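1. this one's structure only:
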């Protein structure tokens, strides 16, 4: 069985879906080294994602208005049995069978949080994509439920595969952290948020809660927002100024991916009050580093956090402020939450994720053999 994996997005973006693609391919290479795979890179790719699998270069750009048609033409010569499209939307005809990963349905829940281009790309095509797909992988039970309720996808057409956490996310030695703090110019203590600064992440609500926290806890550590600028970032900057938090809010988009483990380790806590997440890597990575977490009680985040940390209503800044205060000041709770987080993070491995994906590949392949 010839299996293709569309990895073009990794040349355009980091984090999120790109992390999923990279880690999944690496895990599949370890799990199924003798499989017949072709990993498709973008012509803009600067590095290879494969060590053993065959790779090929495609010219069709991601998220282009003619992407589905152009990609179909490019893929025809490879005569694939199965094509896995990890970025939601498959080509019109890329293989005999199509598998897609749907990470979330943010664009249907909160279309106002997306740019017009993103809405056109996802909202206009997702219904056709799930109809065309022979099977769908979902990052969480929450996303599976959304697919069933919002798009009418039969339950037996969807397989949940919770994602993994890299082994590099772990508690680090004190000397390593001291060197990282100096090199990255980090404060002695800080509240951390990791992710693109965009409306879906509820940055405005976080700022409102932090403003309340400062009023109750004047010596609260600064809030460090680590991530690239997203849509409507200017509104975030304006809100910081409105609340008089310029001296307390630190924005850093220069933190390299390799420095993320140290960034989590050094944080007093990780906060993620998103309105919606299809999975949510930062809480899992933070738990693996021994950092306590405060997350929203929406979508997939409770599935990731389990009973660890504190969960809040993202529409309630006062509740978030209270949770932040507890997470900063209750040392007994912090110690227990740290241990619980480390234990829970061990449940999430890329090997397990890849084993579920491989079982789906093989099941779809068996259906081909039946014809």
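-> Perfect, I can see it now. Note that the coordinates shown come from a computational prediction; the quantities given were computed from them, not determined experimentally.
2. looks like residue 349 contacts residue 165 (just checking).
-> Yes. With contact defined as Cβ atoms under 8 Å, residue 349 reaches residue 165; the gap is 7.4 Å. From N, CA and C alone the C-beta is placed, and that goes for glycine too.
3. the more surrounded of the two?
-> residue 165 (22 against 17; other Cβ atoms under 10 Å).
4. look up how far residue 277 lies from that one.
-> 15 Å (Cβ to Cβ, to the nearest Å).
5. try residue 183
-> For residue 183, the distance to residue 277 - Cβ to Cβ - is 30 Å.
6. swap in residue 363?
-> 28 Å.
7. which residues in the stretch 201-350 of the chain form helices?
-> For the stretch 201-350 of the chain, applying DSSP state H, counting those that start in this stretch gives helices covering 203-216, 233-242, 260-266, 281-288, 301-305, 317-329, 331-345, 350-369.
8. which ones are touching residue 32?
-> Residues in contact with residue 32 (Cβ atoms under 8 Å, 6 or more residues apart in numbering) are residue 358.
9. tell me the pLDDT of it.
-> Residue 32 is assigned a predicted lDDT (pLDDT) of 96.
10. please apply the same query to the one 10 residues further on.
-> On pLDDT, residue 42 comes in at 96.
11. check residue 371 too.
-> On the pLDDT scale, residue 371 gets 64.
12. now swap in residue 286 and tell me
-> In this model, residue 286 is scored at 98, pLDDT.
13. give me every residue that touches it.
-> Contacts of residue 286 by Cβ under 8 Å, 6+ apart are 192, 194, 264, 267, 270, 292-293, 341.
14. the strands in the chain, which residues?
-> Ranges of strands in the chain, per DSSP state E, are 2-6, 36-42, 54-58, 82-85, 97-102, 135-138, 158-160, 191-194, 223-226, 249-252, 269-272, 293-296, 310-312.
15. including mean neighbour count, could those strands go into CSV?
-> Output for these, formatted as CSV (neighbours: other Cβ atoms under 10 Å):
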stretch, mean neighbour count
strand 2-6, 24
strand 36-42, 20
strand 54-58, 14
strand 82-85, 26
strand 97-102, 23
strand 135-138, 24
strand 158-160, 17
strand 191-194, 24
strand 223-226, 22
strand 249-252, 17
strand 269-272, 26
strand 293-296, 26
strand 310-312, 21
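16. could you dump the ones you listed to CSV with distance to residue 206?
-> Output for the strands of the chain, formatted as CSV (distance: least, Cβ to Cβ, whole Å):
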stretch, distance to residue 206
strand 2-6, 34
strand 36-42, 34
strand 54-58, 39
strand 82-85, 33
strand 97-102, 27
strand 135-138, 27
strand 158-160, 29
strand 191-194, 6
strand 223-226, 7
strand 249-252, 10
strand 269-272, 6
strand 293-296, 10
strand 310-312, 11
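17. out of these, which gets nearest to residue 217?
-> strand 191-194 (10.9 Å; Cβ to Cβ).
18. ok, that closest one: who's next to it in the sheet?
-> Strand pairing for strand 191-194, using DSSP bridges, gives strand 223-226 (parallel), strand 269-272 (parallel).
19. mean pLDDT and distance to residue 177 added to these, as a markdown table?
-> Output for those, formatted as a markdown table (pLDDT from 0 to 100; distance: least, Cβ to Cβ, whole Å):
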| stretch | mean pLDDT | distance to residue 177 |
| --- | --- | --- |
| strand 223-226 | 97 | 15 |
| strand 269-272 | 98 | 16 |
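20. now the ones you listed as a markdown table including distance to residue 22?
-> What follows is the strands paired with strand 191-194, written out as a markdown table (distance: least, Cβ to Cβ, whole Å):
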| stretch | distance to residue 22 |
| --- | --- |
| strand 223-226 | 20 |
| strand 269-272 | 22 |
